[in-house]
Every structure is written in C-alpha cells, then in structure tokens.
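1. Sharing a model that was predicted from the sequence below.
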Amino acid sequence: MRLPAFLQSRKGRLAAVAAIVAVPAVVLPIVFSGGDEHGLPVGAGADTAYAFPVTPDHIPDTPVRVNQVGYLPDGPKRATVISDSSQPLPWQLKDNAGKVVASGESQPRGMDPSSGQNTHVVDFSSYRGTGHTYTLEVDGKASLPFDLDPKAYQQLGVDALSFYYPQRSGIAIDGKIAPGYARKAGHVAESPGGGDSKVPCQPGVCDYTLDVTGGWYDAGDHGKYVVNGGISVAQLMSSYERSPKAAEARGLRVPEHGGKTPDVLAEARWELDFLTKMQVPAGQPLAGMAHHKIADAAWTGLPTDPAADTQQRQLHAPSTAATLNLAAAAAQGARVFEPYDKQYAEKLLNVAKTAYAAAQAHPTMYASSSDSTGSGAYDDSNVSDEFYWAAAELYITTGDKQYGADVTASPLHKADVFDRAFDWQNTAALGRLDLATVKNQLADRDRVRQSVVDGADRFLKTMDGQAYGQPYAPEGGYDWASNSQMLNNLAVVGTAFDITGKAKYRDGVAGGMDYILGRNALNQSYVTGYGEKASKNQHSRWYAHQLDPKLPNPPRGTLAGGPNSQLQDEVASAALRGCKPQLCYMDDIQSWSTNELTINWNASLAWVSTFVADNA
Ligand code: 9MR
C-alpha cells in the first residue's frame with residue numbers, strides 16, 4: 001500500500017534532522033570506505049521541492065508482519081507473527097469494510113535464529129479475492145494494510161528501473177521527467193573539481209587523460225566503478241532479454257522515452273557508453289584494459305550535490321576484473337542492441353573482444369583492497385568467475401568456438417555457482433544464467449539448465465526453513481546488502497521458472513518478495529515509497545532529506561542495502577551492537593553499512609519485481 005501525501009509527518013522528520021545536526025562531527029578511523037567523513041549539512045542540493053508521498057515516522061508497530069504492498073491473488077500469501085504462545089493462534093483476514101473474509105489458525109514455528117523472535121506463520125494463500133486495504137488480525141492484533149492485486153508489482157518494476165535516471169552523471173536531471181529530483185549536471189567540464197571530461201590518472205598510473213563523463217553514480221557517493229557498473233547494466237539488460245515484449249511495453253521515467261529503443265535499453269546505454277570510455281586507448285601500454293574506477297581524491301561530506309563536488313577526480317589503475325566486466329557487459333550489449341542499432345552493437349562487440357584479449361594478456365592485475373580513500377575498493381583477487389562470465393557472454397553473442405572452449409575449460413563450468421548469492425565479486429552465476437536461458441550451441445546446455453533448477457530448489461528449501469520465508473540463511477550473520485543477496489537468489493528461482501514453467505518457482509519469487517516489502521523482523525519495507533513503514537533515509541549525498549529538509553528522499557522504488565551483521569559504520573555499531581542478523585539495520589542516512597542505495601542492488605530489485613509483474 002502507498003500512503004497519501006497528507007499522511008506525511010513533517011514535524012517528526014524535522015525533529016530527527018535537528019537531533020542529527022546537533023551531534024558534533026567526530027572523525028573516526030574509516031573501517032571501510034563506503035564511509036565518509038560524516039560532514040554536516042552544507043546546503044547543496046536539488047532545486048525542486050520533494051514531491052511524492054513517503055511514510056510517516058510513527059507507524060504503530062504490530063507483531064503481525066505482512067507484505068505491506070500486496071500479494072498476488074493466485075500466489076502464496078503468508079504472514080509471520082511474533083508471539084510467545086506455543087499454541088496455534090486464531091487469525092482473521094478482513095477486507096476494507098472490516099468484514100471477515102477468511103479465518104484459520106497459525107502454525108507455531110518457535111524461535112527464529114535470524115531474529116531471536118518466537119514466531120508463528122499464517123498461511124492465507126487459499127483466499128483468492130482481490131481488493132485494497134485488507135488487514136490480517138492474529139490473536140486480536142492487526143497487521144498493516146495490504147492489497148490483493150494482480151497488478152501489485154507493476155509500478156514497482158517501473159520505479160525500480162526509473163531509479164537510474166536521477167543517478168545519472170554528466171547530464172542535468174529534468175524535473176519534468178523525475179518530479180522532485182531536478183538538479184544540475186554533475187561532473188561535467190565546467191564542474192568545480194574539473195568534472196569527468198579530462199580526468200588524469202592517479203600519480204604514476206598513466207600519463208594521459210580520459211573523457212569519462214556520463215554513466216551512473218555508484219551509490220550514495222560520486223564514484224563510478226567498472227565492476228559494479230558492469231553487473232548492474234548486465235542485470236538490466238537481462239531483465240530485457242528475459243522478456244523483450246514486456247520490457248518494450250514498460251514506460252520508464254527517462255528522457256529517451258518514446259524513441260525506438262526500449263526505455264530499459266536506453267537507460268542501459270547511458271552506462272555502457274561510460275563503461276566503454278573507461279577502456280585504455282589503443283597505443284598505450286595497457287591498451288584494451290579497463291580502469292577500475294574514477295572517483296574523488298578524498299571523501300566528501302553529506303550532503304554534497306554532484307554539481308557542487310570540488311574534489312579532484314582521478315582514474316585508478318586498470319584491473320583484470322574491471323576489464324572482464326566490461327567485456328561481459330559489452331558482449332551482452334552487442335546482442336541486445338543488434339535489432340535497434342547495428343553500428344552501436346558492432347562497436348560494443350569490438351570493445352568486448354579487445355577487453356577480453358587484454359584481460360588474457362594481463363590476467364592478474366588486481367585492484368587493491370586498501371584503495372579506499374575517497375571511494376570504495378571493490379577489490380577482487382579471484383577473477384576466474386569474471387573470466388567465465390565474459391567468455392559466456394562472448395560465446396552467446398558470437399557463437400565463436402574459441403569462446404565456447406574457454407567456457408567449458410573453466411573450472412567453474414561444472415562447479416556449483418549457486419552455493420552463494422552472486423554479486424560484484426562473484427559473477428559466475430551471471431554467465432551461467434545466461435548460458436541457460438539465452439540461445440546458444442553449448443554441447444552440455446541441458447546440464448547447464450538443470451544446474452539452475454538445482455540451485456533454485458535449494459533456495460526454495462532455504463525459504464521453507466525460515467519463519468519469515470526469506471531465501472537466505474548464511475552461517476555467521478547477514479552480509480553487507482543482504483537484501484540484494486536475497487533478491488539475486490530469487491532471480492535464480494525466477495530463472496528456474498523460465499526454464500521449467502513450474503508454478504512453484506514463480507510462487508517462490510513472489511513469496512520471497514514478502515520479506516523485502518515488510519514480512520520481516522523489523523516490520524520494514526526496504527523499498528522507498530512502498531509500504532506504510534518503508535526505508536526513506538538511505539545513505540546518499542543528494543537524496544539527503546534527513547540532513548537538509550530542502551533535499552529529497554531517495555526516489556520511490558529505491559532499495560536499501562538492508563541488515564548487515566558486521567555493522568561497519570559507527571551509527572549502526574553504536575546503536576545495534578550484538579544484534580541478531582535481521583535486526584542489524586537502521587533507516588538512518590549515516591548508517592552506510594546497512595542503509596545505502598546502489599545501482600547493483602536496485603538492479604536485483606528491478607529484475608525480480610519485473611519478473612513478478614510480468615508473470616502475475
Ligand atoms: O557493495 C559493497 C559491499 O559488497 C562491500 O562489502 C563494501 C566494502 O568494500 O563496499 C560496498 O560497495 C560500496 C562501494 O565500495 C562504494 N560505493 C558504495 C557501495 C555500497 O556501500
């Protein structure tokens with residue numbers, strides 16, 4: 001359910017801002033680097049007022065945890081209830097007139113280790129009615145309201161993909177396209193720090209400059225990182241490849257809307273263009289490699305509007321991982337752009353082949369884990385998975401036997417690549433999923449397809465074992481961006497539906513979304529603008545409403561990273577020490593290790609929410 005504008009509680013938010021501003025800035029050693037110097041507001045920002053409903057600050061809490069957005073009428077409908085009772089509890093489903101339309105008893109589930117809560121599960125899947133503002137009452141306590149609606153996910157798919165336009169660098173954001181988010185172009189030639197149009201390398205790395213304008217800002221910082229950009233744009237293109245017709249019909253808030261290229265590909269092109277600019281030019285010693293990142297020389301404070309960034313921008317040394325991510329994304333781009341722009345497709349293929357060859361010639365250039373001054377490290381010293389992914393994409397696009405041989409010779413080809421969630425450091429699954437679903441001549445393709453189904457079966461089993469139904473149960477706590485990890489696991493389950501057509505996989509994806517949208521230990525929807533109690537203060541230098549009320553919150557459809565047992569920032573570590581995994585989260589702009597937004601996390605949300613919308 002989305003709340004109407006009048007329910008906003010401005011007063012509460014202002015009080016929160018005052019409290020934060022009153023805290024003196026302390027400089028602490030930076031444990032990691034998504035961090036920053038926690039600067040106080042300097043008043044930089046967007047020029048248009050914030051203009052869409054967000055959740056009020058004081059939603060009454062309830063032990064009855066539901067998907068606050070909605071369930072699909074013919075899909076699974078489960079809720080989790082916190083209660084010490086060891087006996088089943090009576091439940092009632094009520095429509096918006098308060099009439100009981102279904103009832104039953106909960107199933108006691110005992111202590112849930114991911115939350116430390118004693119839980120029950122309510123299953124009301126057999127109710128097939130539709131409508132808005134239903135509530136579930138258990139033992140006399142009501143849940144937050146939700147819809148039963150086959151269209152519950154349609155807008156979410158659009159919003160998750162429209163997140164990228166206001167993340168764009170190098171272009172003024174038009175408030176007519178993204179209401180409330182207008183801002184000046186960031187990091188262009190006339191920008192205070194010199195922008196990204198003539199960027200030098202860090203000392204000793206190279207003696208040329210590159211025009212690396214454009215692309216998307218990675219997250220709440222102004223850095224642009226090839227490994228993360230690569231997986232993000234790949235997942236957007238995969239959402240297109242999964243169902244081109246549905247993707248073509250989906251109108252996004254992008255300036256290119258109405259052109260001949262589908263909106264999602266127009267958005268992807270904005271990033272692909274940037275990624276190709278990160279390639280070392282011909283004639284240079286490392287020609288064909290990709291620079292790992294381009295970012296500020298030092299961390300800036302919050303808020304800092306992109307157009308007001310005074311930091312010097314620097315290219316960091318090329319890395320094998322970045323080069324292979326470029327190769328993979330560009331190879332995929334070459335085939336998806338082929339029907340729309342042949343010349344562009346050829347250019348991308350050329351970039352991809354050159355990058356792949358360069359990576360083969362320089363297979364061990366690793367980004368350093370300590371390179372986190374002013375930007376995140378995104379370090380990776382095992383690139384066998386990047387080699388596998390790049391070879392897979394090049395093989396699918398070209399059918400060239402040599403790339404096919406590289407795929408089958410990779411030790412990862414027969415390995416279980418779904419034993420963990422895929423992310424920027426673990427990319428083999430991206431190759432495997434595409435080998436399984438995009439047409440190609442691989443001799444053992446049936447086995448490849450089966451491996452995805454086997455992976456999905458395991459995730460379904462994990463979900464069954466969780467009181468909150470989430471596709472995630474790591475030993476030793478939740479990781480940074482647990483929400484995105486869960487969503488990527490759901491993408492594997494969704495791909496198994498595409499392969500087999502079996503309803504249990506489609507239902508599994510829809511059921512897994514319940515966790516993200518409120519059926520969790522914190523009664524928290526992790527998507528801005530969706531649900532009564534939704535994240536809205538994600539760590540960002542320009543959606544910094546919590547620090548400066550003139551600035552917007554993140555756009556609706558923005559995913560928060562989510563519970564992270566490591567608590568790497570000082571706000572979370574001071575408040576949440578010793579937390580059970582699901583409770584290691586706070587919707588505070590300074591909690592960058594639990595509450596940031598990034599292009600790769602929203603890509604997983606976009607893939608999964610468009611999957612659910614298209615298959616509802
Ligand atoms: O998403 C990244 C996470 O997996 C890492 O554990 C973490 C520490 O290296 O970095 C995260 O990425 C951040 C990046 O380095 C800089 N931009 C913000 C990203 C999200 O916090």
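-> Received, thanks. Owing to the predicted nature of the structure, the values given are computational and were not obtained by experimental measurement.
2. where does this protein come near the ligand, residue by residue?
-> Selection of the chain residues close to the ligand by CB under 6 Å from any ligand atom yields 32-34, 218-219, 221, 223, 376-378, 480-481, 592, 596, 598. (C-beta placed from N, C-alpha, C; glycine too.)
3. Taking those residues, please make a ChimeraX selection of just the buried ones.
-> Buried residues among the residues of the chain next to the ligand (16 or more other CB atoms under 10 Å), as a ChimeraX selection:
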select :33,34,218,219,221,223,376,377,378,480,481,592,596,598
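4. Can you show me the helices along the stretch 201-350 of the chain?
-> Under the criterion DSSP state H, counting those that start in this stretch, helices of the stretch 201-350 of the chain are mapped to 226-242, 244-249, 263-277, 320-337, 342-361.
5. Which residue comes closest to the residue of the stretch 401-550 of the chain found nearest the ligand once chain neighbours are left out?
-> Residue nearest to the ligand within the stretch 401-550 of the chain: Trp480 (4.0 Å; CB to the nearest ligand atom). Of all residues beyond its chain neighbours, the one nearest Trp480 is Asn564 (4.8 Å), with distances taken as CB to CB, 6 or more residues apart in numbering.
6. again, but for Gly511
-> Pro76 (4.4 Å).
7. Can you give me the distance of the one you found to Leu148?
-> 12 Å (CB to CB, to the nearest Å).
8. which one of these two has more residues nearby?
-> Counted by other CB atoms under 10 Å, Pro76 and Leu148 do not tie: Leu148 has more neighbours, with 24 against 20.
9. where does whichever residue of the stretch 251-400 of the chain sits closest to the ligand fall, helix, sheet strand or coil?
-> Proximity of the stretch 251-400 of the chain to the ligand (CB to the nearest ligand atom) peaks at Gly376, 1.5 Å away. Assigned state for Gly376: coil (three-state reduction, DSSP: H, G, I helix; E, B strand; the rest coil).
10. Thought His222 was touching it, still the case?
-> No. If you go by CB atoms under 8 Å, Gly376 and His222 don't touch, sitting 11.5 Å apart.
11. Give me the spatial nearest neighbour of whichever residue of the stretch 151-300 of the chain sits closest to the ligand, chain neighbours excluded.
-> Nearest residue of the stretch 151-300 of the chain to the ligand (CB to the nearest ligand atom) works out as Ala219 at 3.4 Å. In space, and not counting its chain neighbours, Ala219 is closest to Thr598: 3.9 Å by CB to CB, 6+ apart.
12. before we move on, could you check phi and psi at the one you found?
-> Here is the backbone geometry of Thr598 (degrees, to the nearest 10): phi -150, psi 160.
13. next one: Pro203
-> Dihedral angles (degrees, to the nearest 10) for Pro203: phi -50, psi 130.
14. and it, how far is that from Ala390?
-> As judged by CB to CB, Pro203 and Ala390 stand 30 Å apart.
15. and if you look at Gly157?
-> Applying CB to CB, the value for Gly157 to Ala390 is 28 Å.
16. Please apply the same query to Ala357.
-> In terms of CB to CB, Ala357 sits 11 Å off from Ala390.
17. again with Val138
-> Counting by CB to CB - Val138 and Ala390 are separated by 50 Å.
18. pull the helix or strand with minimum mean pLDDT from this structure.
-> Within the chain, confidence by mean pLDDT, DSSP states H and E is lowest for helix 10-22 among all helices and strands, at a mean of 29.
19. Show me what the helix or strand following it pairs with in its sheet, parallel or antiparallel.
-> Where DSSP states H and E defines the elements, the next helix or strand beyond helix 10-22 is strand 64-65. Looking at strand 64-65 with DSSP bridges, its partner strands are strand 78-82 (antiparallel).
20. Next secondary structure after the strand it pairs with?
-> Per DSSP H and E, the helix or strand that comes after strand 78-82 is strand 90-94.
21. buried sites along that following strand?
-> Buried residues in strand 90-94, counted by 16+ other CB under 10 Å: Trp91, Gln92, Leu93, Lys94.
22. Redo those as JSON lines? Include pLDDT.
-> Below are the buried residues of strand 90-94 laid out as JSON lines (pLDDT from 0 to 100):
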{"residue": "Trp91", "pLDDT": "98"}
{"residue": "Gln92", "pLDDT": "98"}
{"residue": "Leu93", "pLDDT": "98"}
{"residue": "Lys94", "pLDDT": "98"}
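23. just these now: which is nearest Pro581?
-> Nearest to Pro581 out of the buried residues of strand 90-94 is Trp91 (CB to CB; 26.6 Å).
24. OK, contacts around the closest residue to that closest one other than its chain neighbours?
-> Closest residue in space to Trp91, ignoring its immediate chain neighbours: Val138 at 4.5 Å, by CB to CB, 6+ apart. Shown in contact with Val138 (CB atoms under 8 Å, 6 or more residues apart in numbering): Pro63, Val64, Ala79, Val81, Ser83, Leu89, Pro90, Trp91, Ser106, His120, Val122.
25. Distance-wise, check Val138 relative to His132.
-> 20 Å.
26. ditto for Leu144
-> Going from Leu144 to His132 by CB to CB gives 13 Å.
27. Kindly report the same for Phe387.
-> From Phe387 to His132 the distance is 50 Å (CB to CB).
28. Between those two, which has more neighbouring residues?
-> With neighbours defined as other CB under 10 Å, Phe387 and His132 compare such that Phe387 has more, 26 against 14.
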